[in-house]
Each structure stands twice: as structure tokens, then as C-alpha cells.
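Chemist: Got a sequence here, can you model it:
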Amino acid sequence: MAKNNAAVVEIAQTASRYSSSIVLQAENKYIDVKSILGLFTTLVSNQQYELHVIGPDAEEAKAAMVEVFEKHGLNVAIAPE
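Modeler: Next up, the predicted model:
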């Protein structure tokens, strides 16, 4: 279960500001980061996540997403293109 609701909400809200596709990979699961429900069932604090960001504003989205994940103590890396 998610470490806290604030992390889930803030991650989804941050992702929603961008038109890029932002997908979180957790082991073999892929979750649309804009989906609060998907995040709730996936986000746990002691896991390594990978973000796949594709779209016109991908660079800005990557920076913002890493910032919000780190703010909430979640371990995330940007997947190589």
C-alpha cells in the first residue's frame, strides 16, 4: 500500500500537468502515473521504480516527476529511451 496518500495525489497531479505519456514500471507492472487508483495499488516505499516518459514535454515532465518522487522518499530512475 502507498506510503501516504499525499505522495499518490501529488504524483498524479504533477503528471497531469504534462501531455507526455508517463508510465511507472514496478517490477513487471506498468502503471499510468496519471491514475491515482493505479498508483495506490503499486506505490510502496522500499521499491525501485522506473519511469518511462514519452512526449513533447518529456524533458520537463521527467525533471518534475523525479523531484516529486524524491520529495516523498521514493526511489525512481528514468528509463533510458
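
Chemist: Just the CA atoms of the lengthiest helix in the chain, as CSV, please.
Modeler: What stands out as the longest helix in the chain, according to DSSP state H, is helix 58-71. Provided in CSV are the C-alpha atoms of helix 58-71 (Å, rounded to 0.1, in the frame of the first residue of the first chain):
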residue,chain,number,x,y,z
ALA,A,58,9.1,14.8,-21.8
GLU,A,59,12.2,16.6,-20.5
GLU,A,60,10.2,18.9,-18.2
ALA,A,61,8.0,16.0,-17.1
LYS,A,62,11.0,13.9,-16.2
ALA,A,63,12.5,16.6,-14.1
ALA,A,64,9.2,17.3,-12.3
MET,A,65,8.4,13.6,-11.7
VAL,A,66,11.9,12.8,-10.3
GLU,A,67,11.6,15.8,-7.9
VAL,A,68,8.1,14.7,-6.6
PHE,A,69,9.2,11.1,-6.2
GLU,A,70,12.3,12.0,-4.3
LYS,A,71,10.4,14.5,-2.1
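
Chemist: I'd like the next helix or strand past it.
Modeler: Following helix 58-71 in sequence order, the next helix or strand is strand 75-78 (DSSP states H and E).

Chemist: can you list the residues that contact the helix or strand of the chain with the lowest mean pLDDT?
Modeler: Every helix and strand of the chain was ranked by mean pLDDT, DSSP states H and E. The lowest is helix 36-42, at a mean of 85. Outside helix 36-42, the residues that touch it by C-beta atoms under 8 Å, 6 or more residues apart in numbering are 1, 2, 8, 9, 11, 12, 24, 26, 29, 31, 32, 33. All C-beta spots, glycine's among them, are computed from the backbone N, C-alpha and C.

Chemist: Going by contacts, tell me the helices and strands next to whichever strand or helix holds the third one.
Modeler: With secondary structure defined by DSSP H and E, residue 8 is part of helix 5-16. Applying 3 or more C-beta pairs under 8 Å, 6 or more residues apart in numbering; DSSP states H and E, we find helix 5-16 packed against helix 36-42, helix 58-71.
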